[in-house]
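Trainee: when you get a sec, could you give me coordinates for this:
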Amino acid sequence: MPFSQKKVFAPLWKRIIAYLIDLIVLAVVLSPLPSLALPSPALWDFSLLRPFIFVFLISSILTIFYFALLEYSLGQTIGKLFFSLAAMSQEKTLSFGKALLRNLTKFSTVLVLVDALPVFLGRSHQRFFEQISETEVVAWEK
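Mentor: Purely as a prediction, here's the structure:
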């Protein structure tokens, strides 16, 4: 990451497209998981829901860890890389705990939208969980 360049708050449109790129990457990586939950012959047999719940839990955990591990280790995800965006701590280096906390809502689109309300409403450049974790997404200008 070019630290000699000027950092500015990441534009919303870049953040959205970077997130969509990350979702595509996750869709490709996680696409084999649904095959673990084979279709059930009985429509209302709730004991057959266990494989689907298992797949949901595994994919949720992998999704959160995709974002947290890449942001912790590289400062950015694959989507952020395309737009020269980076997740940073407001105080010092980004710890794994802060990276994990800032990404806890990423397993659900509804939770991400609620989390991003301050950004969409123009009240802040940070999502709720970015404020709690004292992190932000920045863009690097030349």
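Trainee: all strands for the protein, in order.
Mentor: Using DSSP state E, the strands assigned to the chain run over residues 6-9, 85-89, 135-141.
Trainee: pick the most deeply packed of these.
Mentor: strand 85-89 (a mean of 21; mean count of other Cβ atoms under 10 Å). C-beta: built from backbone N, CA, C; applies to glycine.
Trainee: for it, name the packing helices and strands.
Mentor: If you count contacts as 3 or more Cβ pairs under 8 Å, 6 or more residues apart in numbering; DSSP states H and E, strand 85-89 packs onto helix 12-30, helix 96-102, strand 135-141.
Trainee: go through these and name the closest to A87.
Mentor: strand 135-141 (5.5 Å; Cβ to Cβ).
Trainee: give me the sheet partners of the closest one and which way each runs.
Mentor: Strand pairing for strand 135-141, using DSSP bridges, gives strand 6-9 (antiparallel), strand 85-89 (antiparallel).
Trainee: now tell me what touches that strand from outside.
Mentor: Residues outside strand 135-141 that contact it (Cβ atoms under 8 Å, 6 or more residues apart in numbering) are 1-2, 5-11, 14-15, 80, 83-90, 94, 98-99, 102, 125-126, 130.
Trainee: what sits against the closest residue to F67 other than its chain neighbours?
Mentor: Leaving aside its sequence neighbours, F67 sits nearest to N103 (Cβ to Cβ, 6 or more residues apart in numbering; 4.0 Å). Going by Cβ under 8 Å, 6+ apart, N103 touches I64, F67, A68, E71, F129.
Trainee: quick revisit: rank the strands of the chain by pLDDT, which is bottom?
Mentor: When these are compared on average pLDDT, strand 6-9 comes out lowest at a mean of 80.
Trainee: now for the contacts of N103, which pair is the farthest apart?
Mentor: Maximum pairwise distance in the contacts of N103, criterion Cβ to Cβ, is 12.3 Å, between E71 and F129.
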